[in-house]
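Undergrad: this one's sequence-less:
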């Protein structure tokens with residue numbers, strides 16, 4: 001009965017298929033380092049150990065395999081400004097001798 005009413009109304013009965021939920025893209029350590037324009041993956045993993053960047057270690061492997069969400073990388077980039085907004089001390093030219 002619902003399908004008949006939906007088809008008569010000219011709308012789709014399955015709205016969930018037309019608007020899938022947004023999913024974040026997963027990157028390997030190499031891809032994440034390239035995305036952040038870092039020279040090595042070691043620098044990237046150092047940021048993970050320091051807690052500056054969020055990474056996910058996969059289980060079930062002998063070696064550590066890391067994955068990173070693009071969304072987490074973007075938020076880490078935007079979390080702290082590169083240049084501080086605090087005013088810097090200005091040196092006066094008065095009394096300066098050359």
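TA: On my side now, so go ahead. Not measured: the values here are computed from a predicted model.

Undergrad: Can you name the next helix or strand after the longest strand that the chain contains?
TA: In the chain, taking DSSP state E as the definition, the longest strand is strand 65-69. With elements assigned by DSSP states H and E, the helix or strand that comes after strand 65-69 is helix 70-79.

Undergrad: before we move on, the earlier item: so which bits of the longest strand of the chain are buried?
TA: By 16 or more other CB atoms under 10 Å, the buried positions in strand 65-69 come out as 66, 68-69. The C-beta positions use only the backbone N, C-alpha and C, and glycine is treated the same way.

Undergrad: And stretch 26-39, by the same measure?
TA: 27, 29, 31-33, 35-36.

Undergrad: Now tabulate these in TSV and tack on pLDDT, distance to residue 57 and secondary structure.
TA: Conversion of the buried residues of stretch 26-39 to TSV gives the following (pLDDT from 0 to 100; distance: CB to CB, whole Å; DSSP: H, G, I helix; E, B strand; the rest coil):
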residue	pLDDT	distance to residue 57	secondary structure
27	96	14	strand
29	95	10	helix
31	96	16	helix
32	96	13	helix
33	96	16	helix
35	95	19	helix
36	93	18	coil
